[in-house]
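Peer 1: I would like the atomic coordinates for the input below:
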Amino acid sequence: MKPGAWGHSGTAGLAGACSVVGLGFECYLGCLAADWCPAQGVSPQVLHPVLCVASGHFGQVREVLERATGTRWAGKFLKLRKSASSRLGLERKNVEREVEILQSLQHCNIMALKDVFESRSEVVLIVELISGGELFDFIAAKESLTESEAIEFIEQILHGVEYMHSKRIAHFDLKPENIMLSDKLVPHPHIKIIDFGLAQHLTQGEEYRSLCGTPQYIAPEVINYEALSEGTDMWSIGVITYILLSGISPFQGDTDEETLRNILAMNYEFDDYHFSQTTAMAKDFIQKLLVKDQNERMTAEESLLHPWIKPLNRKQAASRCRSSINMKNFKKFNARRKWKMSYNMVSACNRLCHLQLLCKASAKANEELVRKTAERKAFGTNRGAHKRRGGKNGTLEKKEGGRERNE
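Peer 2: A predicted model of the protein is given here:
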């Protein structure tokens, strides 16, 4: 995709009289005019610095203000690989795929894409600003939660996923970190599904396989490197629901290898300690998602019709209100999850720094090798020229010198 070809159908983009104030763009002010191309003719010179919201392995998220309307957006800065052999940054084709998928999705439970900018080394996605934080953080801050309240969140996730699947798009990375709230201060917070970096548009007659994902949320077919489907997302929803109700992960082992073995062996249970307050309908809902054969799992559409989500009578509805979430265990799980995320981030930064040092050392070694090779070639050329100039006289001089030394 060429610079300036990231058009977003259905919006006017950040163009015309509309001006945008970027928060956190200090390092770009000097080069934006010459280096950046907008999706629909926007001059990125209107970006000005204030704040960085978050950072990750391959870029940063920065807040953006649309002056004309006062609307706040998020600028997702993604670093691109400089070459096919580079390990730093994202492959351009993957960013293009994410943009194309987001362009095709307009749903209240899915993060919206506004526009796209690009430079030679980065792409900036202007997306909906989601300020309510992660769903699990919101729940962990509460003193209590009933099944009915939990169902409100699960139902919204299902609506977003059902919409994706209706377009034959699978997320393939559903996990707590990618389930956000648009605003946590309202009475009934709105769910937003984010991060479509691993999402795929599934094509009839073509198989898609991938080993990507987070160990405790991936389905058996991912581990076995089998063809994936929309059912792979439904497994992840089953795991998320299990954790939400109990405060423990169904397959979590001491190591990633043990976790993957537990998934393949379907090694999970509803023990009384963690599920003493959980209804039978909730357990049935989870069991119909955590099915090894992906073709036998409930679809998103079927899940929305399950009696736990949509009660068939007043008795079923009342039982959901009486059942409560194991908040003590849930808070512990969320604290461990956040700690592990921080640990992984630090480890990733250390690996990145180490990789950068190795790259620099390798570059210096290559420069030294080139220099020495050039010196050897130059020395060999000079030596050959000296021999050619010496000829027979040089040989006689050497012999005569030898006789003189012997005498």
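
Peer 1: in this structure, which helix or strand is least confident?
Peer 2: Ranked by mean pLDDT, DSSP states H and E, the weakest helix or strand in the chain is helix 32-35, scoring a mean of 40.

Peer 1: contact partners for Gly197?
Peer 2: Under the criterion of C-beta atoms under 8 Å, 6 or more residues apart in numbering, the neighbours of Gly197 are Leu90, Asn94, Glu98, Asp173. Every residue, glycine included, has its C-beta placed from N, CA and C.

Peer 1: how about the last one: what's its closest non-neighbour residue?
Peer 2: Beyond its immediate neighbours in the sequence, the residue positioned closest to Asp173 (C-beta to C-beta, 6 or more residues apart in numbering) is Leu198, lying 4.3 Å away.

Peer 1: next one: the one you found, what pLDDT does it get?
Peer 2: According to the prediction, Leu198 has pLDDT 95.

Peer 1: just checking, it touches Cys212?
Peer 2: Yes - here Leu198 lies in contact with Cys212, judged by C-beta atoms under 8 Å, at a distance of 5.3 Å.

Peer 1: more neighbours: the two, which one.
Peer 2: Leu198 (17 against 10; other C-beta atoms under 10 Å).

Peer 1: domain boundaries for this protein, per the record?
Peer 2: If you go by automatic domain parsing, the domain ranges for the chain are 20-128, 135-340.

Peer 1: go through those domains and find the least confident stretch.
Peer 2: When I compare the domains of the chain, domain 20-128 is least confident, with a mean of 71.

Peer 1: want to try JSON lines for the domains of the chain, with distance to Arg371 as columns?
Peer 2: Below are these laid out as JSON lines (distance: least, C-beta to C-beta, whole Å):
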{"stretch": "domain 20-128", "distance to Arg371": "23"}
{"stretch": "domain 135-340", "distance to Arg371": "42"}
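
Peer 1: those: which one's closest to Glu375?
Peer 2: Among those, the nearest to Glu375 by C-beta to C-beta is domain 20-128 (27.7 Å).

Peer 1: quick revisit: and the contacts of Gly197, which are buried?
Peer 2: Among those, the ones that count as buried by 16 or more other C-beta atoms under 10 Å are Leu90, Glu98, Asp173.

Peer 1: you'd agree the first one is up against Lys76?
Peer 2: This points to Leu90. No - counting by C-beta under 8 Å, Leu90 stays clear of Lys76, with 11.3 Å between them.

Peer 1: could you measure from Tyr208 over to Ala170?
Peer 2: Relative to Ala170, Tyr208 is positioned 8 Å away (C-beta to C-beta, to the nearest Å).

Peer 1: anything in contact with each of these two?
Peer 2: Common contacts of Tyr208 and Ala170, defined by C-beta under 8 Å, 6+ apart, comprise Gln200, Leu202, Leu228.

Peer 1: re earlier: tell me if the residue nearest to Asp173 really is in a strand.
Peer 2: No - applying DSSP: H, G, I helix; E, B strand; the rest coil, one finds Leu198 to be coil, outside a strand.

Peer 1: I'm done for today, thanks for sticking with me.
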